[in-house]
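After the sequence you'll find the predicted model.
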Amino acid sequence: MKYINEMKIDDSLILEINELYGINLSYEECGYNTIGHTIICAQEKKELLELDADPLYGEILIDGLLTLGSEKCLNLSNAKVLYDLGMGCGKLLLFIFNLFTNITRLEGFEISKSRYLVAVNAFKKYYKLQLIKEEENIAEFETFNGGSIKLWCKSFTDLTREQVIDVDRLFVNVHFKNPLIMKPLFDNVNDGCKIMSYMNFAKYFSCMEKINFDKLIKTSWTAKRVGHKFYYFNNKNTRL
């Protein structure tokens, strides 16, 4: 596997993460065979649609993560607190945790109970993490380097100012029919927070300053093609 970035990834990391999910593969899952697809039943798909959330599942591959994490894009090597909104089964958080150890707090949010539970079970197996709290809809882990990871089964559109006050990176991995549902969250996020999404929020929110970055991101849907178009923003929140 080749990567366009300076950082090189040994396939053993992919195998290590996959094994947490019961997948004995040294390459990444793609298409409709990802565990995030197969775990969802028809009833849960219906419930997600009723919440205006697209149940279609995709994962950013490591190649894509290295691209979006580069200095010219989101510059994850300089990040401290990252939220993954629509984390799915949590694989992206585990790769970020391993590749960008400078990030001291990671939090993932997922409204699908099935995907959330897959994530929690995988994280509980990981020898680099220690479970310190588990309740019905939240699991908290301490990392080997003194950081923390929290997984939530809840909506993220109503996060308060206090909950996002120190967030400097946001991944929005959910597609909404009505993007304006994100307004309360963006109103609370700090000025200067860098945001990634495959939705062009600049069309709906004046606070979104687009970052000029034209590389495509490889995902589980584009592994054999060039990649997906993602959008990157600096949040210019003058309200705060």
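Yes, it's here.

Only C-alpha atoms from now on, for both contacts and neighbour counts.
Noted.

residue boundaries of the strands in this protein?
Ranges of strands in the chain, per DSSP state E, are 81-85, 105-109, 129-135, 138-143, 148-152, 169-172, 194-197, 208-210, 231-235.

can I get these in a markdown table with mean pLDDT and distance to Leu48?
Listed next are the strands of the chain as a markdown table, based on pLDDT from 0 to 100; distance: least, C-alpha to C-alpha, whole Å:
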| stretch | mean pLDDT | distance to Leu48 |
| --- | --- | --- |
| strand 81-85 | 96 | 15 |
| strand 105-109 | 97 | 14 |
| strand 129-135 | 97 | 22 |
| strand 138-143 | 97 | 19 |
| strand 148-152 | 98 | 16 |
| strand 169-172 | 94 | 16 |
| strand 194-197 | 92 | 19 |
| strand 208-210 | 89 | 27 |
| strand 231-235 | 91 | 24 |
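
Would you mind reformatting those (as TSV) and adding columns for mean neighbour count and distance to Thr67 while you're at it?
Below are the strands of the chain laid out as TSV (neighbours: other C-alpha atoms under 10 Å; distance: least, C-alpha to C-alpha, whole Å):
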stretch	mean neighbour count	distance to Thr67
strand 81-85	23	16
strand 105-109	23	19
strand 129-135	14	26
strand 138-143	19	25
strand 148-152	23	23
strand 169-172	21	14
strand 194-197	23	12
strand 208-210	19	17
strand 231-235	23	12
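
out of those strands, which comes closest to Ala119?
With respect to Ala119, and counting by C-alpha to C-alpha, the nearest of the strands of the chain is strand 148-152 at 8.0 Å.

what's Leu20 in contact with, if anything?
Shown in contact with Leu20 (C-alpha atoms under 8 Å, 6 or more residues apart in numbering): 122-123, 125-126.

Where neighbours are concerned, which of the residues you listed has the most?
Using other C-alpha atoms under 10 Å as the neighbour criterion, Phe123 leads the contacts of Leu20 with 27 neighbours.

which ones are touching the nearest residue to Ile138 once chain neighbours are set aside?
Using C-alpha to C-alpha, 6 or more residues apart in numbering and skipping the chain neighbours, the partner closest in space to Ile138 is Trp152 (4.6 Å). Going by C-alpha under 8 Å, 6+ apart, Trp152 touches 107-110, 116, 137-139.

Closest one of the residues you listed to Leu92?
For those, the residue nearest Leu92 by C-alpha to C-alpha is Gly108; the value is 9.6 Å.

which residues does that closest one bridge with?
Counting by DSSP bridges, Gly108 is bridged to Asp84, Leu151.

That one reaches Met87, doesn't it?
Yes: if you go by C-alpha atoms under 8 Å, Gly108 and Met87 touch, sitting 5.4 Å apart.

tell me, what's touching those two both at once?
Common neighbours of Gly108 and Met87 (C-alpha under 8 Å, 6+ apart) are Leu93.

And for stretch 202-216, what's in contact with it?
Contacts for stretch 202-216 (C-alpha under 8 Å, 6+ apart): 64, 67, 72-73, 179-180, 183, 201, 226-238.

Centre-most residue in this structure?
Asp84 (3.4 Å; C-alpha atoms, centre = their mean).

who are the neighbours in contact with that one?
Here Asp84 is in contact with 93, 106-109, 170-173 (criterion: C-alpha under 8 Å, 6+ apart).

and those residues as CSV, adding distance to Phe205?
Below are these laid out as CSV (distance: C-alpha to C-alpha, whole Å):
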residue, distance to Phe205
Leu93, 27
Leu106, 25
Glu107, 24
Gly108, 23
Phe109, 22
Leu170, 15
Phe171, 16
Val172, 15
Asn173, 17
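
quick one: the longest helix anywhere in the chain to chain centroid distance?
Longest helix of the chain, by residue count under DSSP state H: helix 113-125. Centroid separation between helix 113-125 and its chain, computed with C-alpha atoms, centre = their mean, to the nearest Å, is 14 Å.
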